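S.K.: How does the following fold in three dimensions:
(chains A and B)
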Amino acid sequence: DGGITQSPKYLFRKEGQNVTLSCEQNLNHDAMYWYRQDPGQGLRLIYYSQIVNDFQKGDIAEGYSVSREKKESFPLTVTSAQKNPTAFYLCASSEPSGATDTQYFGPGTRLTVL
Amino acid sequence: DAKTTQPPSMDCAEGRAANLPCNHSTISGNEYVYWYRQIHSQGPQYIIHGLKNNETNEMASLIITEDRKSSTLILPHATLRDTAVYYCIVRVARWTSGSRLTFGEGTQLTVNP
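M.R.: Model (predicted):
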């Protein structure tokens, strides 16, 4: 099955600890994204990557870091500098070719800071 | 990206067609209409998109008015599993730097048995 996988589904972290969220896609998409969703809120873009070894900050990058060493993988690290990390994290990918670049989402990781 | 307006909630009987409206009166000529849905605690799911012609796929049909100022998403035979928040998004299709998706309030569709 082609798609996007995120792991784990639920993650608990103690305050002050860094944690890494996994995102893998086998859709052969060039572009990948990380969004954050808070209860009752829309999506906010954290980081995005258009191609391997390149990534850009989104609207709320402070306290987060990413890497894009492989086309299929785009892990997100939530650092201790992120003041309010409890949220639902969504990874997406797209293939910006042709007329449209539809974004497809993974199932999400719900992070709770204890 | 153009702003969209959707009703906050709708109900539909199982097996009947669900028609979800969206107003996008400020849409530009190069902007597409996209529909996504999000079932509680899951990632958003892409449904369909279109520019000006009506579109149909295995999930739904998209009807766009001739002036493109509004559209309707049609789920032809709604099931209980179609209960979700449905988002209508208008955006430029081609890649631009930081091509982010902006979700509005959406419509909570509840399919009743």
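
S.K.: Now stretch A:66-76: buried residues?
M.R.: A:66, A:68, A:71-72, A:74-76 (16 or more other CB atoms under 10 Å in any protein chain shown). For glycine as for every other residue, the C-beta is placed from the backbone atoms N, C-alpha and C.

S.K.: I'd like to know how many residues surround residue B:49.
M.R.: Number of residues near residue B:49 (other CB atoms under 10 Å in any protein chain shown) recorded here: 20.

S.K.: now swap in residue A:83 and tell me
M.R.: For residue A:83, using other CB under 10 Å, the count is 7.

S.K.: same question, residue B:113
M.R.: 7.

S.K.: Residue B:102 too?
M.R.: Counted with other CB under 10 Å, the neighbours of residue B:102 add up to 15.

S.K.: Verify the stated contact: it with residue A:43.
M.R.: Yes - here residue B:102 reaches residue A:43: they are 7.4 Å apart, a contact under CB atoms under 8 Å.

S.K.: Any idea which residue is closest to the centre of the chain?
M.R.: Just going to use chain A. Residue closest to the average C-alpha location in chain A (CA atoms, centre = their mean): residue A:34, at 2.8 Å.

S.K.: Oops, wrong one, chain B.
M.R.: Closest-to-mean residue, chain B, CA atoms, centre = their mean: residue B:35 / 3.1 Å.

S.K.: pLDDT score for residue 38?
M.R.: Here I'm looking at chain A. pLDDT, residue A:38: 91.

S.K.: meant chain B, my bad for not saying
M.R.: 95.

S.K.: That one is in contact with residue B:105, isn't it?
M.R.: No - with contact defined as CB under 8 Å, residue B:38 does not count as touching residue B:105 (12.0 Å).

S.K.: Neighbour count: those two, which is higher?
M.R.: Shown here are residue B:38 and residue B:105; by other CB under 10 Å, residue B:38 has more neighbours (20 against 14).

S.K.: where does chain A dip in pLDDT?
M.R.: For chain A, applying pLDDT under 70 flags the ranges A:1-2, A:96-100.

S.K.: Closest to residue B:49 out of the buried residues of stretch A:66-76?
M.R.: Nearest to residue B:49 out of these is residue A:74 (CB to CB; 23.3 Å).

S.K.: any idea how far the closest one lies from residue B:44?
M.R.: As judged by CB to CB, to the nearest Å, residue A:74 and residue B:44 stand 17 Å apart.

S.K.: And the lowest-mean-pLDDT helix or strand in chain B, what does it pack against?
M.R.: Using mean pLDDT, DSSP states H and E, strand B:84-92 stands out as the lowest-scoring helix or strand of chain B, at a mean of 91. For strand B:84-92, the packing partners by 3 or more CB pairs under 8 Å, 6 or more residues apart in numbering or on different chains; DSSP states H and E come out as strand B:18-23, strand B:31-38, strand B:70-75, strand B:107-112.
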